[in-house]
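Q: with the input below, show me the fold.
(one chain, ligands or ions: 1)
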Amino acid sequence: MLAQLALQQGTVYDIGRFTSARFGGVAERVGFVSELEGRVSSSIVDRLEAGPVLGAEGYVFELERRGYIKAGPFVPEVVLDYPDAVRELHREFLRAGADVMVALTYYAHREKLRDVGREGDLEAMNRQAVRLAREVASEGDALVAGNVCNTWAYDPDDPATGQTVRAMYTEQLGWAVEEGVDFVISETNDYLGEALIAVEVIRDLGLPAMVTLAPTQPDQTRDGYGYAEACRILAAEGAQVVGLNCDRGPLTMLPLVADIRQAVDCAVAVQPVPYRTDAAAPTMETLRSADGDRAFPIALDSFTCTRFEMAQFAAQARELGVDYVGICCGAGPHHVRAMAEALGREVPASKYSPSMDLHPMFRADVAAKDAAFLHSWA
Ligand SMILES: [Zn+2]
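A: The predicted structure follows:
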């Protein structure tokens, strides 16, 4: 059937049989193809089985930068106030090669909306976010992910808070399911305990779960589990994809990944922030400007990775066996396109990928009248 679908779209692709130890089984499927228009919809698990999935996030940071979200509370009011701005960013990530449109429901939960006096908009904001993601996803062949995150309500020493978190996830994801999501991403989890509540709720809804931890501490969650051990437990409890996202840049996140890859048989996701964190400042929260001021969260610009650094990250992540290669806060479409191309894809935005051989000063045959300019650029 998949083959017929591909043929109906006018292109013949390799139909191959291959065994996947990771997902346990022999699958017959359409070979992974690079152009968006040639792709065939399938579940997140099917896509991960067929090859790497490219994720793109950081909606809150990027829309804050564009003037649509207030830094501080970081509540995605933009979903209701300026939906076109959300559509546009989804579209930019889609054109850059993102395989998943993540509904902008990050921090769109009861606790956070109360902070900005918009608790009454909770349901409308959550529903609209999924609709916007779905609308743009259908312009290509992307999947739609529902999204929940750390709630700031969870306290491992107070079991009652677990009920509060469960209720928050249940209402948010209930709306997401009604609007139509393909799977759910639970992310920036500081506590394994809170992440496990998300797994339970997602599992009860019958959806695949991708659950990632925020590696803000050197080697363990805030409730004391090593990152690899926490991922192993999440996978055992039914998460189809586990891993890390946010807080760390590529340089300080990748070393944690090998252990996670060893610890689990399921798919692994890694979505770093595109900032130059290092041994002295392993997270974006610890980065300091030259005068010693904290750069997080709105003065991180000078630490931003180039597209080339993010392309290198994508290649390194694949070498480590990462299945879901993504990017988090600070991401721009140029990063995502470079990552897609590093994974061997040509995406819609590749039409405008750099051609420095056409630059008047960088081309091989610089005109004699212009050559003098190069001296002043040296
Ligand atoms: Zn992030």
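
Q: is any residue of the helix or strand Met253 falls within near the ion?
A: Assessed by DSSP states H and E, Met253 sits inside helix 250-263. No: contact between helix 250-263 and the ion is absent, the nearest approach being 11.4 Å (criterion: Cβ under 5 Å from the ion). Using the backbone N, CA and C atoms, a C-beta is placed for each residue, glycine as well.

Q: quick one: buried residues of that helix?
A: Within helix 250-263, the residues that count as buried by 16 or more other Cβ atoms under 10 Å are 250-254, 256-257, 259-261, 263.

Q: farthest pair in the residues you listed?
A: Within the buried residues of helix 250-263, two members stand farthest from each other by Cβ to Cβ: Leu251 and Ala263, at 21.5 Å.

Q: give the next helix or strand downstream of the helix ranked longest in the chain.
A: In terms of residue count, the longest helix belonging to the chain (DSSP state H) is helix 159-179. Downstream of helix 159-179, the first helix or strand assigned by DSSP H and E is strand 183-189.

Q: okay, now the sheet partners of that next one, with direction.
A: Paired strands of strand 183-189, with direction, are strand 143-149 (parallel), strand 209-213 (parallel) (DSSP bridges).

Q: now the element after it, going C-ward?
A: helix 192-204.

Q: pLDDT on that next one, on average?
A: For helix 192-204, mean pLDDT rounds to 98.

Q: send over that helix as PDB, restricted to the C-alpha atoms.
A: Output of helix 192-204 as PDB, limited to C-alpha atoms (Å, rounded to 0.1, in the frame of the first residue of the first chain):
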ATOM      1  CA  LEU A 192      12.200  11.500  36.600                       C
ATOM      2  CA  GLY A 193       9.100  11.400  38.800                       C
ATOM      3  CA  GLU A 194       7.300  14.100  36.800                       C
ATOM      4  CA  ALA A 195       8.400  12.600  33.500                       C
ATOM      5  CA  LEU A 196       6.900   9.200  34.600                       C
ATOM      6  CA  ILE A 197       3.500  10.900  35.200                       C
ATOM      7  CA  ALA A 198       3.700  12.200  31.600                       C
ATOM      8  CA  VAL A 199       4.400   8.700  30.300                       C
ATOM      9  CA  GLU A 200       1.400   7.300  32.200                       C
ATOM     10  CA  VAL A 201      -1.000  10.000  30.800                       C
ATOM     11  CA  ILE A 202       0.300   9.600  27.200                       C
ATOM     12  CA  ARG A 203       0.200   5.800  27.400                       C
ATOM     13  CA  ASP A 204      -3.400   6.000  28.700                       C
END
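
Q: now for that helix, which elements pack on it?
A: helix 159-179, strand 183-189, strand 209-213, helix 227-236 (3 or more Cβ pairs under 8 Å, 6 or more residues apart in numbering; DSSP states H and E).

Q: can you list the residues that contact the shortest one?
A: So the one you mean is strand 209-213. Residues outside strand 209-213 that contact it (Cβ atoms under 8 Å, 6 or more residues apart in numbering): 44, 145, 183-190, 192, 195, 198-199, 202-203, 221, 227, 230-231, 234, 238-246, 269, 271, 324.

Q: can you list the residues of the chain near the ion?
A: So the chain meets the ion at 246, 328-329 (Cβ under 5 Å from the ion).

Q: can you pick the most crowded of these?
A: The residue in these with the most neighbours, by other Cβ atoms under 10 Å, is Cys328 (30 neighbours).

Q: which parts of the chain are strands?
A: Using DSSP state E, the strands of the chain run over 15-20, 25-30, 53-54, 100-102, 143-149, 183-189, 209-213, 241-245, 267-271, 324-325.

Q: dump these into a markdown table; add distance to Arg294 and mean pLDDT as well.
A: Output for those, formatted as a markdown table (distance: least, Cβ to Cβ, whole Å; pLDDT from 0 to 100):
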| stretch | distance to Arg294 | mean pLDDT |
| --- | --- | --- |
| strand 15-20 | 45 | 28 |
| strand 25-30 | 48 | 30 |
| strand 53-54 | 31 | 98 |
| strand 100-102 | 27 | 98 |
| strand 143-149 | 22 | 98 |
| strand 183-189 | 19 | 98 |
| strand 209-213 | 23 | 98 |
| strand 241-245 | 21 | 98 |
| strand 267-271 | 23 | 98 |
| strand 324-325 | 29 | 98 |
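
Q: output those strands as TSV; include the columns mean neighbour count.
A: Formatted as TSV, the strands of the chain follow (neighbours: other Cβ atoms under 10 Å):
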stretch	mean neighbour count
strand 15-20	11
strand 25-30	14
strand 53-54	24
strand 100-102	28
strand 143-149	27
strand 183-189	27
strand 209-213	29
strand 241-245	29
strand 267-271	28
strand 324-325	26
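
Q: can you redo these as CSV with distance to Ala367?
A: CSV is the format used below for those (distance: least, Cβ to Cβ, whole Å):
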stretch, distance to Ala367
strand 15-20, 50
strand 25-30, 48
strand 53-54, 40
strand 100-102, 45
strand 143-149, 49
strand 183-189, 51
strand 209-213, 51
strand 241-245, 48
strand 267-271, 45
strand 324-325, 41
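
Q: just say which of the helices and strands packed on helix 192-204 is most tucked in.
A: strand 209-213 (a mean of 29; mean count of other Cβ atoms under 10 Å).

Q: so that strand versus helix 250-263, what angle?
A: Put simply, strand 209-213 runs at 130 degrees to helix 250-263, going by axes from the mean of the first three to the mean of the last three Cα atoms, to 10 degrees.
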